[in-house]
Structures are given as structure tokens and as C-alpha cells.
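**Student:** Only the shape, not the letters, is given here:
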Ligand SMILES: Nc1ncnc2c1ncn2[C@@H]1O[C@H](COP(=O)(O)OP(=O)(O)OP(=O)(O)O)[C@@H](O)[C@H]1O
Ligand SMILES: [Zn+2]
């Protein structure tokens, strides 16, 4: 559901060793190749393409007076004939000396061939040749490898200077962002406020002998504003902001990451007071413990980071902030006092937080009088800052699309859905039968929820497909923000999730693939109830799983023996079956309401929670003449 619109720091200039430097090598290479080619061609033509002849044939030629010149090279004779070839080039042949050299000399003198000599100059040529044939492949290899390395190592050339940092930190002299721009996250701001004060007047602290913190680790799920907070610290302290992502350090070659760390600190020290921000620090700071997979390069990089953190003098006003959403994988050495000894939790915003984040982002958007940001915040439990920022923007775009001057509550609600489930997919035409199934499925969810007292009120039911895969869905909005769930509520949730499939089975006596996501969610909840929340009678309070990454998808890992794991599976199955039976029971007993509402939904495609409740109450014979219902009735009649 997260739509990341992160403004990740982009390396400012990462090709200072770019194509310009490659050109001389290229030119040299081409020259060498051309020379080689020419030399080859020349010797080829000089040899005139001739071959070897027998010594006796040579003797014949000699006696016939056809030989002009003979070069004696060891046992080989290179014979130039008087006969001409194309373009005035004399024909040449070879032969192997098969008599005593003095005899040959006599023979030559007799034939009047004075131009014979034992070859010497060619020795130089030969050495040159073998040298070239040795050097060219090496140069070629060097060039190819260099290119390959560059490609693998997009920020720096292996050959072009291993030690130099190519991943330039993204530097901002003034971020211009202050704590006011970060909504909610009050605890985080408070603890960072102290840090700002350190940067402002380090002397105040050192005078008493207090040690200044070297770094703070911002921990929290993606999109909660960690980068924003780090920038705000720099903005509040009016110091430059150096940022780099952990993954920028990690390279193919051992030692590159470490030298980047060194360069970054060198650069930062020159600019102190300033802030270094390392996003995704887990990319380098992963535990050196082999449990997470050892890696020499990363270890060296991490060691360098640790050394740099130990090495600098805090009184200069250098502060390192780092962000991660997987603190559990970090090397303990990073978290030791004197390093990232402060841990600032930047968690998902609560209702109050969401309201203020919406306000911050709505500040620059024209809103009409229908807008109720609190209502939007209620409907977006679990959303993080970047989601909310995205929703406000999406709503503004919708308003413009519909030709309006200001954003209305309807735009905002639609935007919430766009961010959570994607845009309406108008071109996906469902067959009549499919629409019917989807309609019953969704009403099944809604009705089961409405029939149980521990579930959240229904806000909207729709069978308009969405781009993110949903063919229809039911939107619930809680009456208030919840931080705890009772066992009853979780059980009601399970029944609610399985209500869709139950409706399909009851009405069509068949089941479809449409319940895949429901089944996944229900299984996750059932498993957590048994292994983490101590809500099963079978295992009681025994903790059976460890949470793995609280700030990402909250995955957990079983922590028990194999046989227990099998038993857990049985228990999960039992719980799901019980919930499914309950859903089927509820729907069978309310078949009339199911049919009526499903029919209504097929016609209208989208119905509001109020419309839904109205039909429901009518059928159940519940008289509820509240003002709200009366208003809705009037609305429907229109
Ligand atoms: N508390 C907040 N107040 C205002 N805006 C916020 C807040 N949290 C997030 N945002 C918005 O979301 C955007 C993304 O946030 P940011 O990049 O800081 O998240 P992050 O926690 O660093 O995420 P990641 O872990 O993915 O890098 C911000 O630019 C801002 O527009
Ligand atoms: Zn469903």
C-alpha cells in the first residue's frame, strides 16, 4: 500500500572519470590495430602469396637464371624471383637449405646471383612482432576488463583510481526544512531537538564535561519521515547536510566501500559543523555475524565506519544520523555508546499524527468546506507520512480533473482508495455472472461484519475493479483509533475475512479464486493469535514465534520444534474452519438480506455504508428512525 515518493539523495557527480578519459586508450588501441593490420598486409604482399618449393626446384630456377636475390635465414632461404607479380612486386618463394652452405654460396656465385645475404635486420622486426603480438592482447584485455568493471561498479572505476570516492555525497548547504515541516513524530523531534542544541553550542556541554553524542539512529518503517527528520535537524541547526545511502558504499571490490567512508568523513570534517546522513544503514551495518551472510567488502566498510566514528572529535560539531527499518540486523558494535548510541523511533503515525501530517500537506492545497481531515485520518489507519502526502496530492489532481477549484472530501476519500487499492479500472469489464459473484462475495464480507458486534462499521462496498487487482472491496472505518485488539475482535475479523468465500459457497455452491487475499490475511491473523498473542487454548501463553522485522512487514519466524510446528498448523486450520463455519451460519440465517443487498449492489456498483445499513435494518425489522437514516433515505429517493 505504500507508494514511495522518496527523494533519495542522488549522487551529484559520479562520472568525473567518465568517457573523456577513455578516449586516449581507445585511440591508442585503434592505432595499434591499424599498424598491425598494415604490417601484416605488407608482409603478405611482399611474400606475394607464394609458397614453399623443393630445394631441387630452387636449384633449377637458379640454373635457369630466374633468381634475383636470396636471403639466407638459418636453414630457410627466401628467394626473390626475377619474374614480376602484380603491381611490380617481385615474386618470392621459400625453400629449405638441403646442402652445405658453402656449396650453396658457390652455386649462387656460379649463377651470378650476387644479391645473397644472411639476414640480420629481420631479427629486430621479429622481436618487434612478438612484442606487439604480446602487448596487444594485454592492452585489449585491460581495456575490456576496465569497461566491465565500470559497468559493474557504476560509481567508480576500478582502474580509474580504486581509492577515490566516486559516490559523491549529496550535499545541501541549507536544507531549508525545519521541525515544523515534520508533522507528528513528537517524541522523535524532542530527542532530536537536543541534538540540534549540541550542534548549536557544543561548548556548553563540553564545559561541564558532558560527552556529545556522535550519532543517532532513526528507526522506523519506510515513508515515516526519517529522511525528512534528518534534514530538519540540519535545517534547524543551519548546518550543511551530507547524505548518502548505505547501498552506495557497497561495491563489488573489496576496499572501495571503506575508502568511500574515509572520503565522506574527510569531506564532512572540512565542512564541520555539519550532518552526515546515511540512509539504509543496514546495507553496510549488517551484523558481521555469519548468520546474515558474511561479506568481506561489507565488513571492511563497516570497520572503516566504526573507525571513523571513533576517530572524530565531537566538539567540532559533526553529527551522524542514520536511518534503517531493520535495526535487528545491525551489528551490535554500531549501537555501542560512542557510536549510534541514540535510537530515535520514527513509527507509523497514530490518529493525531495522521491528522497533523494531512494538515501539513493540505496547507498548500485549496480545500472546500466539506473537507474533514479527521475523517480521512480515521480511514487511513496504518498509513505512513509518504502515503498521506501522496493522498493529498492525488486528491488535488482529482479535483483538477473534475474541473473544480478546491479539493472536496469526496476527492480525498477517492484518493485514499487510489493509494490503498489503485485507480478504478474502467476498462475491465466483468461478465454478468462474475459481477454477480463479486457482488455476493463483497456483501458477504460486509454482512458478516455487520452481524457481529465486535467488528468495524462498513463505510463503502463496491464492485468497481481497481488497478491493484481488487475486483471489489469493502471499506471499513473504525469509530476510533485502536491500539489493542481483543480476542473477540480478532475472531470477528477472521469471520469477516472468510465471509466473502462463505457467500460464494452458499449462493453458487461453488468457490472461486477471488478469496485468495482474504485467505492469506485470515491465516496470518490466525497464526499470530496462536503463536504470538497467546490466544489459543492448545498452547496457552507459550510464545512460539519471534518477530523478525517489526518495522517492515512484521514478518515473524517460528521458534519451536518441528512437531510443535505441525501442531500449530493443525490449530490454525481448526481456527480457520471454525471461523468459516461461523460465517456460513451467519449468512445462511440472513440469506434474504444477502440477496437483497447483493442485488442492489449489482445495480449501483457502489453503495455507502449508510445505504447498506438501511437495507439491512429494513430486512431485520429494526426500526431506527435516526436523523441520519432519514437523510440517507431522502438521498436515495433523489
Ligand atoms: N511526519 C511527516 N510529516 C510530513 N511529511 C511527511 C512525514 N513523514 C513523511 N512525510 C512525507 O513523506 C515523504 C517521504 O518521507 P521520507 O523520505 O522522509 O521517509 P523515510 O522514512 O526516510 O522513508 P525510507 O525509509 O523509505 O527512506 C516526505 O518527503 C514527506 O513529504
Ligand atoms: Zn474478499
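**Tutor:** Received it, and whenever you're ready, just let me know what you need. Please read all numbers here as calculations on a predicted model, not as lab measurements. Ligands and ions are numbered 1, 2, ... in the order given.
**Student:** roughly how far apart are residue 315 and residue 272?
**Tutor:** Note on residue 315: its distance to residue 272, by C-beta to C-beta, to the nearest Å, is 10 Å. C-betas here are computed from N, CA, C, even on glycine.
**Student:** can you count the residues close to residue 560?
**Tutor:** With neighbours defined by other C-beta atoms under 10 Å, the count for residue 560 comes to 15.
**Student:** SS state for it?
**Tutor:** Three states are possible here, and by DSSP: H, G, I helix; E, B strand; the rest coil the one that applies to residue 560 is coil.
**Student:** picking up where we left off before, what about residue 315 and residue 272, which has more around it?
**Tutor:** Between residue 315 and residue 272, residue 272 has the larger neighbour count (other C-beta under 10 Å), namely 19 against 15.
**Student:** Distance check, the more buried one against ligand 1.
**Tutor:** Applying C-beta to the nearest ligand atom, to the nearest Å, one obtains 24 Å for the distance of residue 272 from ligand 1.
**Student:** my guess is that residue meets residue 317, correct?
**Tutor:** Yes - taking contact to mean C-beta atoms under 8 Å, the distance of 5.2 Å between residue 272 and residue 317 places them in contact.
**Student:** low pLDDT regions in the stretch 101-250 of the chain?
**Tutor:** Under the criterion pLDDT under 70, the flagged ranges of the stretch 101-250 of the chain are 117-122, 149-170.
**Student:** and the residue in the stretch 201-350 of the chain that ligand 1 sits nearest to, how many neighbours?
**Tutor:** The minimum distance from the stretch 201-350 of the chain to ligand 1, using C-beta to the nearest ligand atom, falls at residue 225 (2.7 Å). Burial of residue 225, expressed as a neighbour count using other C-beta under 10 Å, amounts to 26.
**Student:** Quick check: closest non-adjacent residue to it.
**Tutor:** Taking C-beta to C-beta, 6 or more residues apart in numbering, and ignoring the residues beside it in sequence, residue 225 has residue 385 as its nearest neighbour in space, at 4.5 Å.
**Student:** Common neighbours of residue 272 and residue 317, please.
**Tutor:** Taking C-beta atoms under 8 Å, 6 or more residues apart in numbering as the contact criterion, residue 272 and residue 317 have no common neighbours.
**Student:** for residue 395, phi and psi?
**Tutor:** Here the main-chain torsion angles of residue 395 (degrees, to the nearest 10) amount to phi -60, psi -40.
**Student:** Tell me which residues touch it, please.
**Tutor:** So residue 395 contacts 365, 407, 411-412, 414-415 (C-beta under 8 Å, 6+ apart).
**Student:** Show me which of these is closest to ligand 1.
**Tutor:** Ranking the contacts of residue 395 by separation from ligand 1, with C-beta to the nearest ligand atom as the measure, puts residue 365 on top at 13.1 Å.
**Student:** Surely the closest one is in a strand?
**Tutor:** No - read with three-state DSSP, residue 365 is coil and lies in no strand.
**Student:** if I pick it, what's in contact with it?
**Tutor:** Neighbour list for residue 365: 392, 395-396, 407 [criterion: C-beta under 8 Å, 6+ apart].
**Student:** Next: residue 449.
**Tutor:** Applying C-beta under 8 Å, 6+ apart, we find residue 449 in contact with 455-456, 458, 474, 476, 492, 496, 499.
**Student:** where along the stretch 151-300 of the chain do the helices fall?
**Tutor:** 186-200, 202-208, 226-237, 246-249, 256-270, 282-285, 296-311 (DSSP state H, counting those that start in this stretch).
**Student:** and the fourth one, what other elements does it pack with?
**Tutor:** Taking 3 or more C-beta pairs under 8 Å, 6 or more residues apart in numbering; DSSP states H and E as the contact definition, the neighbouring helices and strands of helix 246-249 are helix 256-270, helix 282-285.
**Student:** how about those helices in a markdown table, adding mean neighbour count, mean pLDDT and distance to ligand 1?
**Tutor:** Below are those laid out as a markdown table (neighbours: other C-beta atoms under 10 Å; pLDDT from 0 to 100; distance: least, C-beta to the nearest ligand atom, whole Å):
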| stretch | mean neighbour count | mean pLDDT | distance to ligand 1 |
| --- | --- | --- | --- |
| helix 256-270 | 20 | 83 | 19 |
| helix 282-285 | 25 | 80 | 11 |
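**Student:** OK, now which residue of the stretch 51-200 of the chain is nearest to ligand 2?
**Tutor:** Per C-beta to the ion, residue 184 is where the stretch 51-200 of the chain lies closest to ligand 2, at 31.9 Å.
**Student:** my guess is that residue meets residue 357, correct?
**Tutor:** Yes - Residue 184 is within contact range of residue 357, at 5.6 Å (criterion: C-beta under 8 Å).
**Student:** what sits in contact with each of the two?
**Tutor:** Common contacts of residue 184 and residue 357, defined by C-beta under 8 Å, 6+ apart, comprise 349, 385.
**Student:** Could you check which of those two is surrounded by more residues?
**Tutor:** Between residue 184 and residue 357, counted using other C-beta under 10 Å, the more crowded position is residue 357 (29 against 26).
**Student:** Ligand 1 contacts on the stretch 201-350 of the chain?
**Tutor:** For the stretch 201-350 of the chain, the residues in contact with ligand 1 under the definition C-beta under 6 Å from any ligand atom are 222-228, 279, 323, 325.
**Student:** Out of the residues you listed, which sit inside strands?
**Tutor:** Counting by DSSP state E, the members of those that fall within strands are 279, 323.
**Student:** ok, now which ones touch residue 232?
**Tutor:** Contact partners of residue 232, counting by C-beta under 8 Å, 6+ apart, are 175, 177-179, 181-182, 189, 192.
**Student:** ok, now with 10 Å
**Tutor:** When the contact criterion is C-beta atoms under 10 Å, 6 or more residues apart in numbering, the partners of residue 232 are 175-182, 185, 188-189, 192, 196, 225, 241.
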